[in-house]
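Return atomic coordinates for the entry below.
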Amino acid sequence: MTQSSEEGSIDIEVRGRILLIEIDRPKKLNAFSAKMLSELGEAYVRLEEDASIFCGVLYAKGPNFTAGIDLAKFVDRMAAGKRALPFPEGKIDPCSLRPPFRTTPLVVSVQGICFTIGIELMLAADIVVAADECRFAQLEVKRGIMTAGGPTFRMVERAGWGNAMRYLLTGDEFDAATAYRLGFVQEVVPTGTQFQRALHLAERIAAQAPLAVSATIENARIAIEQGPAAAVAQIIPTQKRLLASEDAKEGVQSFVERRTAKFVGR
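Residues are numbered from 1 along each chain as shown. Modelled structure (predicted):
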């Protein structure tokens, strides 16, 4: 086995209008190496910048989503005041902690162990499908550090202060049913069917008008980060821009003709 294969990889495949992004290091429980993090960042750039892609699916090979990052290899970066996850400035951050933010929709399929960065990635996505045997944990407090990829605010947003702190402050595991109850995942399905269900949802999203989908994501993000008033202020100018698009004309015409619209992203 080569050093490169030992460090794992992020593999991509284009399937129609969908970009499949696969975490591939199953023998190491899909723990992220620096190489994998770099490739993940590149995959998200492809997702956002390729106009032929209307939706993405993030998933993992083998029985587990990910055990986290190979922490020992990132401690020096963190101690020097650098982010543990070295995504390039000016490019899409998979954890959505700084601009430019992703506007192409992303569905995540998780199974088995989904620890630390696994939770960070799924909370930064749009829709998460979990296998019913999935196990979650935000373990950083057990290692003397703090989660730095978003759960300190995204868990609170979704589950409320007490429910979030119950798991952030203990590092305890929780199951798929709890993740669903707290709003961390949107569907729980029988183990082994999670990828197909995520792919189905991605296909449903990819069948819609991509400019409208991206605008919806962007407006919702503005509402969370800047408040409802800021989002409301963007509705009319955004709607005006969308109505000038080819896709809006196609959408109206398909309504009149009672047929399925064929959107092109323009």
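
what's around the closest residue to Arg15 other than its chain neighbours, how many residues?
The shortest distance from Arg15 to any non-neighbouring residue, by Cβ to Cβ, 6 or more residues apart in numbering, is to Leu199 (8.0 Å). From N, CA and C alone the C-beta is placed, and that goes for glycine too. Leu199 is flanked by 19 other residues according to other Cβ atoms under 10 Å.

Dump the C-alpha coordinates for the helix or strand harbouring Leu199 into CSV.
Assessed by DSSP states H and E, Leu199 sits inside helix 194-206. Extracted C-alpha coordinates of helix 194-206, given in CSV (Å, rounded to 0.1, in the frame of the first residue of the first chain):
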residue,chain,number,x,y,z
GLN,A,194,-29.1,6.0,3.7
PHE,A,195,-27.1,6.7,0.6
GLN,A,196,-30.0,5.9,-1.8
ARG,A,197,-32.3,8.0,0.2
ALA,A,198,-29.8,10.9,0.2
LEU,A,199,-29.3,10.5,-3.5
HIS,A,200,-33.1,10.5,-4.1
LEU,A,201,-33.4,13.8,-2.2
ALA,A,202,-30.5,15.3,-4.2
GLU,A,203,-32.2,14.3,-7.4
ARG,A,204,-35.4,16.0,-6.2
ILE,A,205,-33.4,19.1,-5.5
ALA,A,206,-31.5,19.0,-8.8
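
what separates that helix from the chain centre, distance-wise?
14 Å (Cα atoms, centre = their mean, to the nearest Å).

Residues contacting it, please?
Applying Cβ atoms under 8 Å, 6 or more residues apart in numbering, the contact partners of helix 194-206 are 15-18, 20, 54-57, 59, 105, 107-111, 127, 129-131, 187, 189, 213.

Now do the buried residues in that helix.
Gln194, Phe195, Arg197, Ala198, Leu199, Leu201, Ala202, Glu203, Ile205, Ala206 (16 or more other Cβ atoms under 10 Å).

And for stretch 21-29?
Ile21, Glu22, Ile23, Arg25, Lys28, Leu29.

rewinding a little: looking at the residue nearest to Arg15 now. What's its pLDDT?
Per-residue confidence (pLDDT) for Leu199: 98.

Might you list the low-confidence residue ranges for the stretch 51-200 of the chain?
71-88 (pLDDT under 70).

how deep is Arg158 tucked in, by neighbour count?
Arg158 has 14 nearby residues by other Cβ under 10 Å.

cool, and Arg102?
Count around Arg102 with other Cβ under 10 Å applied: 22.

Start from the N-terminal end of the chain and give the strands.
9-15, 18-24, 55-60, 106-110, 113-115, 127-131, 135-137, 174-175, 187-189 (DSSP state E).

what sits against Thr170?
Counted by Cβ under 8 Å, 6+ apart, Thr170 has contacts Val141.

any idea how far it is from Ala137?
9 Å (Cβ to Cβ, to the nearest Å).

cool, Gly144 as well?
16 Å.

Of those two, which one has the most company?
Per other Cβ under 10 Å, whichever of Gly144 and Ala137 has more neighbours is Ala137, with 20 against 7.

Counting neighbours, what do you get for the spatially closest residue to that one that is not a sequence neighbour?
Excluding the flanking residues, the one nearest Ala137 by Cβ to Cβ, 6+ apart is Glu173, at 4.5 Å. Using other Cβ under 10 Å, Glu173 is surrounded by 15 other residues.

Repeat that for Lys240.
Other residues near Lys240 come to 9 when the count uses other Cβ under 10 Å.

Please apply the same query to Thr238.
When neighbours are defined as other Cβ under 10 Å, Thr238 has 18 of them.

So for this protein, the centremost residue is which one?
The residue lying closest to the centre of the chain (Cα atoms, centre = their mean) is Ala125, at 2.6 Å.

Contacts only, for it.
Contacts for Ala125 were tallied using Cβ under 8 Å, 6+ apart; they are Leu58, Leu106, Val107, Val108.

go on, Asp50?
Counted by Cβ under 8 Å, 6+ apart, Asp50 has contacts Leu19.

That'll do, ta.
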